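Participant: need a structure here:
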Amino acid sequence: MKKIIVPVDFSEYSENALQTAAFLAKRSDAEVLVVHMLELSNAVLSQSESYLQQEMLFYLKMTEKKLAEFLQKDYLSDIKVTPIIKHFKIFSEIDQLARNEGADLIVMGSKGASGLKEMFIGSNTEKVIRYAHVPVLVIKEEPIVKQIEKILFACDFSDDDVKPYMEAKKFLKKFNADIEMVYVSTPTSKFKSTKELEEKMKRFFSQTNESYEESAQKVKIVSDYSVEKGVFYYANKINSDVLVVATHGRKGIAHFFEGSISEDIANHSKLPVMSFKI
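Facilitator: You can find the predicted model right below:
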């Protein structure tokens, strides 16, 4: 990795994201771009142009000072940190910033089990996930400050999951972590027999140019009443450090497992969740 983007709002949740980004940056000698959105109220925006310029300058100086103070962290020592203040409200523009800067990863904070709707100035984390062309790592209750050892990729072995899986495997290779895959079988009309699932997996691994016999050894098939419950059960059982899901971009967080919604996993997981674009 060369560059990591971390949007912050000065909360403890965005500090968790910043601490995680610092840990990852030290491992890969990457630069950390710390972004704060300077959001002006409608009352300010409705003022005359000269008054607006004065107000923007005031808020900009105040924000620069606050951001500089926020970045006075011991864990940021020996890391190249670039503070960036943007004047837009549209968090989808984080993706444009990532493109302009050639960033490899976006790290954002979350309140954890409260869900995406309650975190980082409303639902902005979810908006960033929808638009970002690079992986987005959502940090929940605790920052990542130690070696990532176990990664769990939630998958239904559909054609849509091939590209995210390949990208996730390539990206996560640098962490030297074990990557396992989990498929959750639920009592629905989409239920598949063992034979049908094996055929589906063989097709999937043929598209990833991997041996079915070898790759299937790292696949766990779990039965549960919902995909979400099954994923969390197995993640807890193996003490997974990070959950990985695929996303459909602007359509929202991907529907996978043939009808279940991965948004529920991202919302309710207490573990960090990393998304890769379909």
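
Participant: in the stretch 151-278 of the chain, where is pLDDT below threshold?
Facilitator: Counting by pLDDT under 70, the stretch 151-278 of the chain shows low-confidence ranges at 189, 249-264.

Participant: now do the strands in it.
Facilitator: With strands called from DSSP state E, counting those that start in this stretch, the stretch 151-278 of the chain shows them at 178-185, 219-223, 242-247, 255-256, 260-261, 273-277.

Participant: dump those strands to TSV, plus mean neighbour count.
Facilitator: (C-beta placed from N, C-alpha, C; glycine too.) Listed next are the strands of the stretch 151-278 of the chain as TSV, based on neighbours: other Cβ atoms under 10 Å:
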stretch	mean neighbour count
strand 178-185	20
strand 219-223	15
strand 242-247	25
strand 255-256	20
strand 260-261	18
strand 273-277	24
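
Participant: what's the span of stretch 158-176, first residue to last?
Facilitator: Start to finish, the residues bounding stretch 158-176 are 26 Å apart (Cα to Cα, to the nearest Å).

Participant: ok, stretch 76-83 next?
Facilitator: Note: stretch 76-83 ends 12 Å apart using Cα to Cα.

Participant: domain map for this structure?
Facilitator: Listed by the TED database, the domain ranges of the chain are 1-146, 147-277.

Participant: mind listing what's buried in stretch 139-147?
Facilitator: For stretch 139-147, burial by neighbour count (16 or more other Cβ atoms under 10 Å) applies to 139-140, 143-144.

Participant: out of those, who's nearest Ala132?
Facilitator: Ile139 (15.1 Å; Cβ to Cβ).

Participant: for that closest one, give me its contacts.
Facilitator: Counting by Cβ atoms under 8 Å, 6 or more residues apart in numbering, Ile139 touches 13, 16-17, 20, 107-110, 272.
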